[in-house]
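Engineer: Following is a predicted model, sequence given first.
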Amino acid sequence: MACKNVEFPSQGVLLRGRLYIPKSDSIEYPLVIMAHGFSSTINGMVADKYAEEFYNAGYAVLLYDHKNFGISEGKPRQELNYWEQCRGYIDAINFAQTITHIDKDKIVLWGDSMSGAEVLTVAAIDERIVAIIAQVPAFGDDPIPFERADEMMKSIKEILLNENLKNLDKNETDVIAVVSPNQGHMVSALKELTAYRWFIEYGGRFNTNWQNSISFATFINAPKNYHRGIAAGFLKVPVLLVIATNDEMEGASDIISKAVFDKISQPKEIIELDGGHFGLLEYPSELFNESSKSQINFLKKLFCN
């Protein structure tokens, strides 16, 4: 696999990951920028397998760990800040402008679960990308207040394009477990047993750097009750949503994902797969094959290859 370790700056820290570039030096390749989902990491937790599929199909890939997770820098460790993770994507796009053999006009954002929502937020703000792929996106469970969209997106743009983002005041929670088999003995952020089984199996593998702990932070001046699907009406690029039928995860309602899809006015596709929230994160599996093939087909149509 022709990949190399890379790092790039984002709000005072270095985000680290892998850059996959096909072997020919005479071609500029479309680039897929990828980050992992909720609390997971890029090594051994299946995002890397999707990256390899894109690479094998002839695309360049930048896959990195979010700030505070995995091999990337940042403190407090295991702290998830939605806005900082969105800003990480923007800084990854900045980094992509410096990479040779990349077609700077063909950059695609990819996200899974929480980061599946983040790529929509980023795409509504950053015009340098040409498409989005979001699988089992975690847009939430509540109806989308589209009537507040203009006000929310104006505020979010001011936050994410703030070069002093790291200095903004924020609220932080205590650390809790990511998953637990028994909520009576140890409360966790994710309560579904499917989450426990997947994280313990894949996160427990050698050298993933996954930890069963997490805390949350948000900026004090961020919009209150921001709905992660509200950016749908502001998108100007093609979108592929890969959703799980009857998604069992709290915060990842397939009904809300379909409402987001309906609001998108750009060329769009939606793929519905059985297997629950983690089915397409089982590798090897038929669901993984179906999901990755549909995403590659989306890219082939997008780039006419």
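Structural biologist: Now that the structure is in, tell me what you want to look at. Fair warning: this is a prediction, and the values are worked out from it, not measured in the lab.
Engineer: so where's this protein uncertain?
Structural biologist: Residues of the chain that meet the criterion pLDDT under 70 lie in 1, 25.
Engineer: all helices in it, in order from the N-terminus.
Structural biologist: 47-56, 82-96, 114-123, 149-160, 193-198, 254-263, 286-303 (DSSP state H).
Engineer: Out of those, flag the one nearest Phe8.
Structural biologist: helix 82-96 (3.7 Å; Cβ to Cβ). Backbone N, C-alpha and C define where each C-beta goes, glycine included.
Engineer: Include distance to Asn167 and mean neighbour count when you put the helices of the chain into a markdown table, please.
Structural biologist: Listed next are the helices of the chain as a markdown table, based on distance: least, Cβ to Cβ, whole Å; neighbours: other Cβ atoms under 10 Å:
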| stretch | distance to Asn167 | mean neighbour count |
| --- | --- | --- |
| helix 47-56 | 30 | 20 |
| helix 82-96 | 12 | 22 |
| helix 114-123 | 21 | 27 |
| helix 149-160 | 12 | 16 |
| helix 193-198 | 34 | 18 |
| helix 254-263 | 32 | 19 |
| helix 286-303 | 37 | 17 |
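Engineer: so how many other residues sit close to the residue nearest to Gly203 when sequence neighbours are not counted?
Structural biologist: Leaving aside its chain neighbours, Gly203 sits nearest to Trp210 (3.4 Å; criterion: Cβ to Cβ, 6 or more residues apart in numbering). Residues near Trp210, counting by other Cβ atoms under 10 Å, number 23.
Engineer: show me what contacts Trp210?
Structural biologist: 39-41, 45, 70, 199, 202-204 (Cβ atoms under 8 Å, 6 or more residues apart in numbering).
Engineer: and with 10 Å instead?
Structural biologist: Counting by Cβ atoms under 10 Å, 6 or more residues apart in numbering, Trp210 touches 36, 39-41, 43-45, 69-70, 78, 178, 199-200, 202-204.
Engineer: I only care about the residues you listed that end up buried; give me the ChimeraX line for that.
Structural biologist: Only the buried entries of those go into this ChimeraX selection, using 16 or more other Cβ atoms under 10 Å:
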select :36,39,40,41,43,44,45,69,70,78,178,199,200,202,203
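Engineer: So which of the contacts of Trp210 are in strands?
Structural biologist: Val178 (DSSP state E).
Engineer: which one among the contacts of Trp210 gets closest to Phe298?
Structural biologist: Using Cβ to Cβ, the contacts of Trp210 come closest to Phe298 at His36, 20.1 Å.
Engineer: Now do that closest one against Ile90, distance only.
Structural biologist: Per Cβ to Cβ, to the nearest Å, His36 is found 17 Å from Ile90.
Engineer: and what of Phe216?
Structural biologist: 21 Å.
Engineer: same deal with Leu165?
Structural biologist: In terms of Cβ to Cβ, Leu165 sits 10 Å off from Ile90.
Engineer: before we move on, what about Ser115?
Structural biologist: 13 Å.
Engineer: got the angle for the longest strand seen in the chain vs helix 114-123?
Structural biologist: Longest strand in the chain by number of residues, with DSSP E as the criterion: strand 102-112. Angle, strand 102-112 to helix 114-123, by axes from the mean of the first three to the mean of the last three Cα atoms, to 10 degrees: 130 degrees.
Engineer: packing partners for strand 102-112?
Structural biologist: Counting contacts by 3 or more Cβ pairs under 10 Å, 6 or more residues apart in numbering; DSSP states H and E, strand 102-112 is packed against strand 29-35, helix 47-56, strand 60-64, helix 82-96, helix 114-123, strand 131-135, strand 239-244, helix 286-303.
Engineer: just the angle between the third one and helix 82-96, please?
Structural biologist: On the basis of the same axes, to 10 degrees, strand 60-64 is oriented at 140 degrees to helix 82-96.
Engineer: The fifth one now?
Structural biologist: Taking the same axes, to 10 degrees, helix 114-123 and helix 82-96 form an angle of 70 degrees between their directions.
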